[in-house]
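>>> sequence below, structure please.
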Amino acid sequence: MAITSLTPKQQVHQVLARLPDDATWDQVVYELAVRRAVERGIADADAGRVVDVAEIRAEFGLAD
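As a prediction, the model looks like this:
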(Lines give C-alpha, C1' and ligand atoms only; values in the text may rest on other atoms or scores of the structure.)
Protein backbone atom coordinates (compact mmCIF):
# COMPACT_ATOMS: atom_id res chain seq x y z
CA MET A 1 0.00 0.00 0.00
CA ALA A 2 1.58 3.28 -1.10
CA ILE A 3 1.15 6.36 1.03
CA THR A 4 -0.02 8.34 -1.97
CA SER A 5 -0.24 8.22 -5.72
CA LEU A 6 1.30 11.68 -6.00
CA THR A 7 4.65 12.15 -7.67
CA PRO A 8 7.66 12.86 -5.45
CA LYS A 9 7.62 16.48 -6.62
CA GLN A 10 3.95 16.83 -5.64
CA GLN A 11 4.70 15.25 -2.27
CA VAL A 12 7.51 17.77 -1.68
CA HIS A 13 5.08 20.58 -2.42
CA GLN A 14 2.68 19.15 0.18
CA VAL A 15 5.42 18.94 2.80
CA LEU A 16 6.57 22.48 2.09
CA ALA A 17 3.02 23.82 2.24
CA ARG A 18 2.64 22.46 5.79
CA LEU A 19 5.84 24.08 7.05
CA PRO A 20 5.82 27.61 8.43
CA ASP A 21 7.12 30.38 6.16
CA ASP A 22 10.14 30.83 8.40
CA ALA A 23 11.15 27.15 8.30
CA THR A 24 14.88 26.56 8.22
CA TRP A 25 16.75 24.36 5.73
CA ASP A 26 17.29 21.88 8.55
CA GLN A 27 13.54 21.66 9.17
CA VAL A 28 12.83 21.17 5.47
CA VAL A 29 15.44 18.44 5.11
CA TYR A 30 14.26 16.75 8.32
CA GLU A 31 10.63 16.64 7.18
CA LEU A 32 11.57 15.22 3.80
CA ALA A 33 13.89 12.63 5.36
CA VAL A 34 11.20 11.49 7.79
CA ARG A 35 8.67 11.17 5.00
CA ARG A 36 11.10 9.09 2.93
CA ALA A 37 11.93 6.86 5.89
CA VAL A 38 8.25 6.21 6.51
CA GLU A 39 7.69 5.39 2.84
CA ARG A 40 10.61 2.96 2.88
CA GLY A 41 9.33 1.32 6.07
CA ILE A 42 5.88 0.84 4.59
CA ALA A 43 7.38 -0.59 1.40
CA ASP A 44 9.47 -3.02 3.47
CA ALA A 45 6.43 -4.09 5.46
CA ASP A 46 4.36 -4.55 2.30
CA ALA A 47 7.15 -6.68 0.82
CA GLY A 48 7.39 -8.82 3.96
CA ARG A 49 10.85 -7.53 4.87
CA VAL A 50 10.09 -7.25 8.57
CA VAL A 51 11.03 -9.13 11.72
CA ASP A 52 8.68 -9.58 14.63
CA VAL A 53 9.67 -7.70 17.78
CA ALA A 54 9.51 -10.94 19.80
CA GLU A 55 12.15 -12.47 17.52
CA ILE A 56 14.49 -9.51 18.00
CA ARG A 57 13.97 -9.52 21.76
CA ALA A 58 14.70 -13.27 21.90
CA GLU A 59 17.83 -12.83 19.75
CA PHE A 60 19.20 -10.29 22.21
CA GLY A 61 18.00 -12.11 25.32
CA LEU A 62 15.54 -9.42 26.34
CA ALA A 63 12.47 -10.21 28.41
CA ASP A 64 9.04 -9.71 26.87
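>>> top helix in this protein by residue count?
Secondary structure assigned by DSSP state H gives helix 25-46 as the longest helix of the chain.
>>> from A47, how far out is P20?
36 Å (C-beta to C-beta, to the nearest Å). Heads up, the C-betas are built off the backbone N, CA and C, glycines and all.
>>> and for V29?
Taken as C-beta to C-beta, the span from V29 to A47 is 27 Å.
>>> secondary structure element for the closest residue in space to D44 that isn't next to it in sequence?
Counting by C-beta to C-beta, 6 or more residues apart in numbering, D44 lies nearest to V50, which is 6.2 Å off, once chain neighbours are set aside. Taking DSSP states H and E as the criterion, no element holds V50; it sits outside all helices and strands.
>>> what strand or helix carries Q11?
Assigned by DSSP H and E, Q11 belongs to helix 8-18.
>>> quick one: mean pLDDT for that helix?
For helix 8-18, the mean per-residue pLDDT is 95.
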